[in-house]
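> based on what follows, work out the 3D shape:
(2 chains)
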Amino acid sequence: MTHQRRSKDQIAALVAKDIPNGAYVNLGIGMPTMVANHLPAGLEIILHSENGILGMGPAPAEADQDFDLINAGKQPVTLLPGGAFFHHADSFAMMRGGHLDICVLGAFQVSATGDLANWHTGEPGAIPAVGGAMDLAMGAKQTWVMMDLLTKQGASKVVAQCTYPLTGLGCVKRIYTDLATLDVTPQGLKWVDAVDGLSLADLERLVGLPIAA
Amino acid sequence: MINKIAASVEEAVGPVADGATIMVGGFGTAGIPNELLEGLMRVLHDGSARNLVVVNNNAGNGETGLAALLKTGRVRKVVCSFPRQVDSQIFDALYRSGDIELELVPQGNLAERIRAAGAGIGAFFSPTAYGTDLARNPDGSLRETREINGRMHVLEHPIHADLALIRAERGDRWGNLTYRKAARNFGPVMAMAARRTVASVHEVVELGQLDPEAVVTPGIFVSQVVQVPRVQTQGGGFKA
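Here you go, the predicted structure:
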């Protein structure tokens, strides 16, 4: 049975809806960056960028691009009124010190106990690069993941144990995917929602792990 | 009279010894001190220094700056968090052919290890990377770990340098510095961690002209300041 998968924008919108007013949030490079486009108007949600920005705003018009003002993906951004710049040790103190409320990261795999693998495939010849992923995953008060539920080959990316190199142990609290949203609890995976027509039993079969209703 | 303003980039960078550790500020292309790197290469060209260790967040973009330095073959090892970029072809080739060592460090541990060097900290315990491949030594052995307040931590040592090359915005003859936007990134902590710190600035101002409340790097951390022309900020780096 095939289901209508959520688009990346639809997943981003679901993530954005769950971010509370006043939160300090870091959006990882790749798919999580799209969450910024869906933050509800009228709320004040302060975006942090690892390279020393709080109060990051949207991309500027091309003529106003300033490459001294870029995000973690090295794309030009803007600074909102009230925003601030700071050096790298302070920026990562905001993560490690538990000051950042939420970070949203992409993932290769997440385990049922919240282990995250998102920095390295471990393939021979692959050049490893970690950036701020490990600091974010362990440092933010809540780490949320945004990814497709299944690989192109149809294998679940939510797994009993990660086979890819780990980014952090037991750090993921919630997983947003194209087919369902899951919470990671001390008791295991818990159903939050799923696309139309996908039952709990279907989801358990896809993931191959027990999921609490 | 203290005057840290150097007449030229080469004079500011000065001689570099064999095996020296050189910190280079910047994140992607923001804050990369390209003029100082070009000066460094001219200094290296006239000397015999090899086996250099370079500390930067990345491992060079395109064919200029840090990438060009790697291409000279004088760099033995790169310490960084994110070498892979859309245009990191020079590092990629050296790494794949086994001609350069890589010490991959999570970005926050990298910043804090640099800060710790500048602050005289012997070593520190960080929760970042616990339980991962980056909590291992180069020989594969596990680093020392400790449970503190119910949480596991990994022992991290400071990164000291012989020379730091950083890009700032304004400076005075005492070496006080301000930065521009997110080009600040690693500059302030690298300035603290090196025996000798050289800052390029776009404007040299008289003592007292920098607002003392707004000085980011106090001159005690800076050895030399050199003025370079302001150029358009440049793109480059990771693309999704």
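
> got a list of contacts for stretch B:134-143?
The contact list for stretch B:134-143 (Cβ atoms under 8 Å, 6 or more residues apart in numbering or on different chains) reads A:130, A:134, B:103-106, B:129, B:145, B:154-156. Just so you know, the C-beta spots here come from the backbone N, C-alpha and C atoms, and that holds for glycine as well.

> quote the end-to-end distance of that stretch.
Its start and end residues considered, stretch B:134-143 measures 9 Å (Cα to Cα, to the nearest Å).

> do the same with stretch B:93-111
From start residue to end residue, stretch B:93-111 stretches across 26 Å - Cα to Cα.

> picking up where we left off before, buried members of the contacts of stretch B:134-143 into ChimeraX, please.
A single ChimeraX command selects the buried members of the contacts of stretch B:134-143 (16 or more other Cβ atoms under 10 Å in any protein chain shown):
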select /A:130,134 /B:104,105,106,129,154,156
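
> distance to residue A:102, pLDDT and secondary structure added to the contacts of stretch B:134-143, as CSV?
Formatted as CSV, those follow (distance: Cβ to Cβ, whole Å; pLDDT from 0 to 100; DSSP: H, G, I helix; E, B strand; the rest coil):
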residue, distance to residue A:102, pLDDT, secondary structure
A:130, 20, 96, coil
A:134, 17, 98, helix
B:103, 31, 96, strand
B:104, 26, 96, strand
B:105, 25, 97, coil
B:106, 19, 98, coil
B:129, 21, 97, coil
B:145, 27, 98, strand
B:154, 24, 98, strand
B:155, 29, 97, strand
B:156, 26, 97, strand
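
> how far off centre is stretch A:39-55?
15 Å (Cα atoms, centre = their mean, to the nearest Å).

> same question, stretch B:104-121
Worked out by Cα atoms, centre = their mean, stretch B:104-121 lies 11 Å from the chain centre.

> buried residues in that stretch?
B:104-118.

> tell me if that stretch is near chain A.
Yes. Using Cβ under 8 Å from any Cβ of the partner chain, we find that stretch B:104-121 touches chain A at B:104-112, B:114-115.

> tell me how far stretch A:136-153 lies from the chain's centre.
Per Cα atoms, centre = their mean, the centroid offset for stretch A:136-153 relative to its chain is 5 Å.

> give the buried residues for that stretch.
A:136-140, A:142-150.

> give me the subset of the residues you listed lying in helices.
A:136-139 (DSSP state H).

> now, which of those residues sits nearest chain B?
Comparing these against chain B with Cβ to the nearest Cβ picks out residue A:138 as the nearest, at 5.1 Å.

> residue A:138: what's it in contact with?
With Cβ under 8 Å, 6+ apart, residue A:138 has these contacts: A:95-96, A:168, A:171, B:127-130.

> and what of residue A:8?
Counted by Cβ under 8 Å, 6+ apart, residue A:8 has contacts A:31, A:34, A:178.

> give me the neighbour count for residue 62.
Reading this off chain A. 7 (other Cβ atoms under 10 Å in any protein chain shown).

> ah, no, chain B please
18.

> quick one: secondary structure of the closest residue to it other than its chain neighbours?
Nearest residue to residue B:62 in three dimensions, chain neighbours excluded: residue B:87, at 4.9 Å (Cβ to Cβ, 6 or more residues apart in numbering or on different chains). What DSSP: H, G, I helix; E, B strand; the rest coil gives for residue B:87 is coil.

> how far away is residue B:87 from residue A:86?
Remark: distance between residue B:87 and residue A:86 (Cβ to Cβ, to the nearest Å) = 27 Å.

> show me the shaky parts of chain B.
B:235-240 (pLDDT under 70).

> quick one on the thing from earlier: would you reformat the buried residues of stretch A:136-153 as JSON lines and include pLDDT?
Below are the buried residues of stretch A:136-153 laid out as JSON lines (pLDDT from 0 to 100):
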{"residue": "A:136", "pLDDT": "97"}
{"residue": "A:137", "pLDDT": "97"}
{"residue": "A:138", "pLDDT": "96"}
{"residue": "A:139", "pLDDT": "96"}
{"residue": "A:140", "pLDDT": "97"}
{"residue": "A:142", "pLDDT": "97"}
{"residue": "A:143", "pLDDT": "98"}
{"residue": "A:144", "pLDDT": "98"}
{"residue": "A:145", "pLDDT": "98"}
{"residue": "A:146", "pLDDT": "98"}
{"residue": "A:147", "pLDDT": "98"}
{"residue": "A:148", "pLDDT": "97"}
{"residue": "A:149", "pLDDT": "98"}
{"residue": "A:150", "pLDDT": "98"}
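
> which one among those gets closest to chain B?
When the buried residues of stretch A:136-153 are compared against chain B (criterion: Cβ to the nearest Cβ), the nearest one is residue A:138, at 5.1 Å.

> burial of residue 87, as a residue count?
All of this refers to chain A. 24.

> oops, I was thinking of chain B
Residue B:87: 17 neighbours (other Cβ under 10 Å).
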